[in-house]
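> let me see the structure of the following:
(chains A, B, C and D)
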There are 2 protein chains.
Amino acid sequence: MKKSTKFSDVLHILLHMAGSRNPARSETLAKSAQTNPVVVRRIMAGLRERGFVQSEKGHGGGWSLSCDLKKVTLYDVYDSIGAPTMLALGNRAESSKCLVEKAVNTATGHAFREAESLLIANFRNTTLADVHSIIKKYPRGHAKRK
Amino acid sequence: MKKSTKFSDVLHILLHMAGSRNPARSETLAKSAQTNPVVVRRIMAGLRERGFVQSEKGHGGGWSLSCDLKKVTLYDVYDSIGAPTMLALGNRAESSKCLVEKAVNTATGHAFREAESLLIANFRNTTLADVHSIIKKYPRGHAKRK
DNA sequence: ACTCATGTAATATACTGAGTTACATGAAAG
DNA sequence: CTTTCATGTAACTCAGTATATTACATGAGT
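From the prediction side, this is the model:
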């Protein structure tokens, strides 16, 4: 199945913004995330609603961070983009009269829920600052280069 | 995102077969899993290759189990159907020169891998017999009914 | 006024899983 | 040995969906 890159894209964009003081245009951000300006605006809309970023129109406009990277978790970001489906596997009919179906749903459902919970827990435990700090661990010289 | 029901479907089919002695036709199995006979045959092909089931042509033909339910795990089944993608989330470019991208991939990749591992571990720890035994826990009277 | 940037609806494109059709192969029944 | 029935499989269609694109409106700055 085709995996959605929306989540990693938005993180990319946010960290990219963290690397500069001036507002960044959708077009610039789109280029860095290898996507389209309109897609960027759509994704960012959710983050703006929650006050994590802000946008300005016109000359010198664009996007800028308005949050403390230490206080925003990956879960906040994930949630801001609409909390898309995490698992590519699922049950056909979640509520069925068929006993076989029920048994299957019980067994797989348990595993699915555990995996999802773990993922969510990991997201909650990681802040944007954590991710940002990973960058610094790479060899010196172009820490903020695209 | 649209979740794949292939895995739960094949489990459904296998347990359905476990409920009767005679070979079951693709059409019957398809009906019980709410899908198409050809789809059933396609899915089952992988299981046949591994010897978990066998098929006979012609009159009185169909599918039958040829394995010990206690010895086949959900992972075996999952693997038999081609080990489809478990996660609906992923990174855009797994290997990139961009440091920001790398940092994001590191952070999310870690979480993704953990979730996937947990799922796999759960599948390995559950046999078809385990799932089958869940059926018996439901109220008496129609244990093998569709 | 004019340019630039976002906001957003509407549309197009690409992809992919699933379903379907069609026909070949082989087994059992009569 | 012909008919019937079931699987085996390639090829194709269909439907759903994420993403990308186009087009135009809005509002800030110059």
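
> establish whether the longest helix anywhere in chain A and DNA strand C are in contact.
In chain A, assigned by DSSP state H, the helix with the most residues is helix A:99-124. No: between helix A:99-124 and DNA strand C, judged by CB under 7 Å from any atom of the strand, nothing touches; the nearest distance is 13.8 Å. C-beta here means a position set from N, CA and C on the backbone, and glycine is covered the same way.

> now do that helix: which elements does it pack against?
Packing contacts for helix A:99-124, counted by 3 or more CB pairs under 8 Å, 6 or more residues apart in numbering or on different chains; DSSP states H and E, involve helix A:74-80, helix B:6-18, helix B:74-80, helix B:99-124, helix B:128-136.

> how far off centre is the fourth one?
So the one you mean is helix B:99-124. 22 Å (CA atoms, centre = their mean, to the nearest Å).

> hang on, the earlier thing: mean neighbour count, the helices and strands packed on helix A:99-124: which tops it?
helix B:6-18 (a mean of 23; mean count of other CB atoms under 10 Å in any protein chain shown).

> for DNA strand D, what is the nearest residue in chain A?
Closest contact between chain A and DNA strand D, by CB to the nearest atom of the strand, is at residue A:58 (2.7 Å).

> could you check the pLDDT of that residue?
What the model reports as pLDDT for residue A:58 is 92.

> is it in a helix, a strand, or coil?
The assignment at residue A:58 comes out as coil when based on DSSP: H, G, I helix; E, B strand; the rest coil.

> these two touch, right, residue A:105 and residue A:94?
Yes: using CB atoms under 8 Å, residue A:105 makes contact with residue A:94 at a distance of 6.5 Å.

> residues contacting residue A:87?
A:112, A:115, A:116, B:3, B:86, B:87, B:88 (CB atoms under 8 Å, 6 or more residues apart in numbering or on different chains).

> let's see 6 Å
With contacts taken as CB atoms under 6 Å, 6 or more residues apart in numbering or on different chains, residue A:87 has the following neighbours: A:112, B:88.

> same check on the one 10 residues further on?
When contacts are counted by CB under 6 Å, 6+ apart, residue A:97 is found next to no other residue.

> perfect, that will be all.
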